[in-house]
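**Student:** The following block contains a protein sequence and its predicted model.
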Amino acid sequence: LVAIVPLGLEGFDRLEAVARLLASLHGRNVPPDTRLTPQQLARARRMLQAADGHREGATQKEIAEVIFNTGQLSRDEWQASSARHAVMGLLRGARDMIAGGYRK
């Protein structure tokens, strides 16, 4: 395997990623990724879960039940639920990430 590291500012992130990859490949402890805060990482994980659910045909309500543990909501409860707006935001963010926004 060969890793190419650009000499611009993005090179620092690439070097960190290469160090984590090497550690993983050789069975060592993988250092934490410092580029994302725990909150950003949790949101990215939820965005990918939402995108996977949507791709598999789950409704936004079903996605909320799994990600936010909302339980069974009536139609009126769902319409007024903050989880509804959160799922819409997760799906919007996931679409942006998948379209190349992950590079930011």
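**Tutor:** All right, it came through fine. The model shown is predicted, which means the values in this text are computed figures rather than measured ones.
**Student:** rest of the way, CA atoms for contacts and neighbours
**Tutor:** Noted.
**Student:** for this protein, what spans make up the helices?
**Tutor:** Ranges of helices within the chain are 10-25, 38-55, 60-67, 75-80, 82-98, based on DSSP state H.
**Student:** deepest of those, which one?
**Tutor:** helix 60-67 (a mean of 19; mean count of other CA atoms under 10 Å).
**Student:** Rebuild the helices of the chain as JSON lines, extending it with distance to residue 3 and mean pLDDT.
**Tutor:** Listed next are these as JSON lines, based on distance: least, CA to CA, whole Å; pLDDT from 0 to 100:
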{"stretch": "helix 10-25", "distance to residue 3": "7", "mean pLDDT": "91"}
{"stretch": "helix 38-55", "distance to residue 3": "24", "mean pLDDT": "95"}
{"stretch": "helix 60-67", "distance to residue 3": "35", "mean pLDDT": "95"}
{"stretch": "helix 75-80", "distance to residue 3": "48", "mean pLDDT": "92"}
{"stretch": "helix 82-98", "distance to residue 3": "23", "mean pLDDT": "94"}
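**Student:** Distance to residue 32 for these - can I get that in a markdown table?
**Tutor:** What follows is those, written out as a markdown table (distance: least, CA to CA, whole Å):
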| stretch | distance to residue 32 |
| --- | --- |
| helix 10-25 | 8 |
| helix 38-55 | 10 |
| helix 60-67 | 24 |
| helix 75-80 | 37 |
| helix 82-98 | 21 |
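**Student:** Give me the nearest residue to the residue most central in space within the chain, chain neighbours excluded.
**Tutor:** Centroid-nearest residue in the chain: residue 44, 2.0 Å away (criterion: CA atoms, centre = their mean). Once flanking residues are discounted, residue 44 sits nearest to residue 94: 7.8 Å by CA to CA, 6 or more residues apart in numbering.
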